[in-house]
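*Asks:* I would like the atomic coordinates for the input below:
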Amino acid sequence: MLTKKQLLFCQEYLIDLNATQAAIRAGYSPKNAYSQGFDNLKKPAIALEVQRGMDARGKRTGITADNVLRELAKLAFSNIRDFASWQGQEVRFADSDGLTEGQAACISEISQTVTQHGGSFKIKLHDKKGSLELLGRHLKLFTDKIEHSGDPENPIQLAGAIDTSKLSDEELETLGAIIIKGLKDSTSNN
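*Replies:* The predicted model follows:
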């Protein structure tokens, strides 16, 4: 069961996903807000409440992981020849009425510069490389290698790791539910 302050923290966290600011807005001391926010997110009951809030927001807004991936794919696989053609010094832009919704979504900027000697048009697409990178990371196409060495008597502590030996039965049950839900979600999205 969450305290009123913890419940308020969850609601505030959903605003901007900033644990420190959520802790401050929920009434925790600004001096300790960073550690309180970090500690709160490690608590299974709070993590479950945050996930419930995120799921509810996703249903309300209709924003799903699939929608985000489809938008990234549009940007990642956009092709400048859908928007312009060129031969020698001549460049022609596609008529905006002829663009599909998906093609129009790929355009980041259109501008016109007029000078006394003529003018120019510019069309800029959204970041193709960044979109491809995000899709590649989602598909686990890229792996980051992390090298470390350490004292076997003093193992490296993982940030966000939960010491389950200190959890109550209720907290362990909640944590198990979060893990199972995450596994189900990841297998249903693949």
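*Asks:* so what does whichever helix in the chain runs longest touch, helix or strand wise?
*Replies:* Assignment by DSSP state H gives helix 169-188 as the longest helix of the chain. The contact analysis (3 or more C-beta pairs under 8 Å, 6 or more residues apart in numbering; DSSP states H and E) places helix 169-188 against helix 44-61. Just so you know, the C-beta spots here come from the backbone N, C-alpha and C atoms, and that holds for glycine as well.
*Asks:* tell me the angle of the helix it packs on relative to helix 169-188?
*Replies:* Counting by axes from the mean of the first three to the mean of the last three C-alpha atoms, to 10 degrees, helix 44-61 lies at 40 degrees to helix 169-188.
*Asks:* now helix 44-61: mean pLDDT?
*Replies:* For helix 44-61, mean pLDDT rounds to 91.
*Asks:* do the same with stretch 122-133
*Replies:* Mean pLDDT, stretch 122-133: 92.
*Asks:* If you count neighbours, what's buried in that stretch?
*Replies:* 125-126, 131-132 (16 or more other C-beta atoms under 10 Å).
*Asks:* Inside strands: which ones of those residues?
*Replies:* Those of those mapping onto strands are residue 125, per DSSP state E.
*Asks:* Nearest to residue 10 among the buried residues of stretch 122-133?
*Replies:* residue 131 (31.3 Å; C-beta to C-beta).
*Asks:* Verify the contact between that closest one and residue 75 for me.
*Replies:* Yes. Residue 131 is within contact range of residue 75, at 3.9 Å (criterion: C-beta atoms under 8 Å).
*Asks:* For the closest residue to residue 82 other than its chain neighbours, what is the enclosing helix or strand?
*Replies:* Leaving aside its sequence neighbours, residue 82 sits nearest to residue 103 (C-beta to C-beta, 6 or more residues apart in numbering; 5.3 Å). According to DSSP states H and E, residue 103 maps onto helix 101-105.
*Asks:* And the next helix or strand past that helix?
*Replies:* strand 107-115.
*Asks:* That following strand pairs with which strands?
*Replies:* Strand 107-115 sits in its sheet next to strand 118-125 (antiparallel), going by DSSP bridges.
*Asks:* Below-threshold pLDDT in the protein: ranges please.
*Replies:* Counting by pLDDT under 70, the chain shows low-confidence ranges at 145-152, 154-163, 184-190.
*Asks:* Going by the annotation, which residue ranges form each domain of it?
*Replies:* Split into domains by automatic domain parsing, the chain comes to 1-63, 79-125.
*Asks:* Quick one: end-to-end distance for the longest one.
*Replies:* The separation between the terminal residues of domain 1-63, taken as C-alpha to C-alpha, to the nearest Å, is 29 Å.
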